[in-house]
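Peer 1: Could you work out the structure for the sequence below:
(one chain, ligands or ions: 1)
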Amino acid sequence: MANPKFCPFMRLPLELRQQIWEMAIDPREVVFGRLHDDQQCQVEWSPPPPVLAACAESRCDMQRFYTKAFLRPFPYSQTPPKYCWVNFDVDTIHLVDHQLEGFSHIPSIRQLVLETRGGGHFERGYSRPFLRADLSLEKLTILDLGAAPPESWWFSWISYMELFYFGCDAVSFDTTIVHDGLELTRDTWLSVDRAWRRKMIQQIFGEYLDHRESDDGVLAAEDDPRMSMCRRTWRHVEWCTCPNKPARSE
Ligand SMILES: [Zn+2]
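Peer 2: Have a look, this model is predicted:
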């Protein structure tokens, strides 16, 4: 096409124009901060989505799909916070670990990327927002940019996975922790952890290892009281109605 412009756009009925603007909404990653090579957090501000910047009409009409999201300023700060336009239905929020608690719309986030420097650095308090009951979160991706070696980097994340998933009050969102191309997910963390525990048991008990498995795939040796650290205790909540509750709550 010599001239790709579509001039009669404004002659279309308003409803059609609005539909076209709506179809032009693209998922974005809205970045509020990144860790740089020196491990310092660099605050960033994403530009507004194209449908809010195209023209006055699109900006006016498309605002109903977007929310002004911001990081709360420090209590003593005099400057009002800068905001970014976010469509929580399609956009991914990208933050550095300590920024989360100051985020203005935690319950609205559906997809979140969180940068940190390893599970040992990730403070217990940082996980608190994930235990809220009012979350819409569906997908949490933690980017572990710490320097832990590939064979043991996952170790410091196990207690968070246990907190999220090893109980009747398990969270509903999926978690993927990424380190140097390696991943720990909601589906894999328990088997990674169990394989390591079996290796430990093998080293301690050697040939006496009891290989019989119970229904849930736990080795008899893992039930050995001397190896109490090898068996996790499923977390029951007060109101749960699990059939296995009396047998397994300890
Ligand atoms: Zn239960």
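Peer 1: So which bits of this protein are right by the ion?
Peer 2: Counting by C-beta under 5 Å from the ion, the chain comes close to the ion at Cys168, His236, Cys240, Cys242, Lys245. The C-beta positions use only the backbone N, C-alpha and C, and glycine is treated the same way.
Peer 1: Can you say which helix or strand has the third one in it?
Peer 2: Secondary-structure element containing Cys240, defined by DSSP states H and E: none, the residue being outside all helices and strands.
Peer 1: so what are the domain limits for this structure?
Peer 2: When the chain is parsed with automatic domain parsing, its domains come out as 27-45+84-187, 189-250.
Peer 1: Of these, flag the one that's most buried.
Peer 2: Across the domains of the chain, the average number of neighbours (mean count of other C-beta atoms under 10 Å) peaks for domain 27-45+84-187, which reaches a mean of 16.
Peer 1: how distant is that domain from the center of its chain?
Peer 2: In terms of C-alpha atoms, centre = their mean, to the nearest Å, the centre of domain 27-45+84-187 is set 4 Å apart from its chain centre.
Peer 1: now do the same end-to-end measure for that domain.
Peer 2: Start-to-end span of domain 27-45+84-187 (C-alpha to C-alpha, to the nearest Å) is 26 Å.
Peer 1: same deal with stretch 20-37?
Peer 2: With C-alpha to C-alpha as the measure, the ends of stretch 20-37 fall 42 Å from one another.
Peer 1: And the contacts of that stretch?
Peer 2: The list of residues contacting stretch 20-37 from outside it, by C-beta atoms under 8 Å, 6 or more residues apart in numbering, reads 9, 12, 41-46, 49-51, 54, 58, 61-62, 65, 69, 71, 84, 86-87, 90-96, 99, 103, 113, 115-117, 145.
Peer 1: Next: stretch 40-54.
Peer 2: 21, 24-26, 28-36, 58-59, 62-63, 66, 71, 82, 84-85, 87, 96, 98-99.
Peer 1: what sits against the residue lying closest to Thr116 once chain neighbours are set aside?
Peer 2: In space, not counting the residues next to it along the chain, Thr116 is nearest to Asp97; the distance is 4.1 Å by C-beta to C-beta, 6 or more residues apart in numbering. Asp97 is in contact with Leu114, Glu115, Thr116, His121, Phe122, Glu123, Tyr126, counting by C-beta under 8 Å, 6+ apart.
Peer 1: Find the least confident helix or strand in the chain, judged by mean pLDDT.
Peer 2: Considering only helices and strands, the least confidently modelled element of the chain by mean pLDDT, DSSP states H and E is helix 245-248, at a mean of 55.
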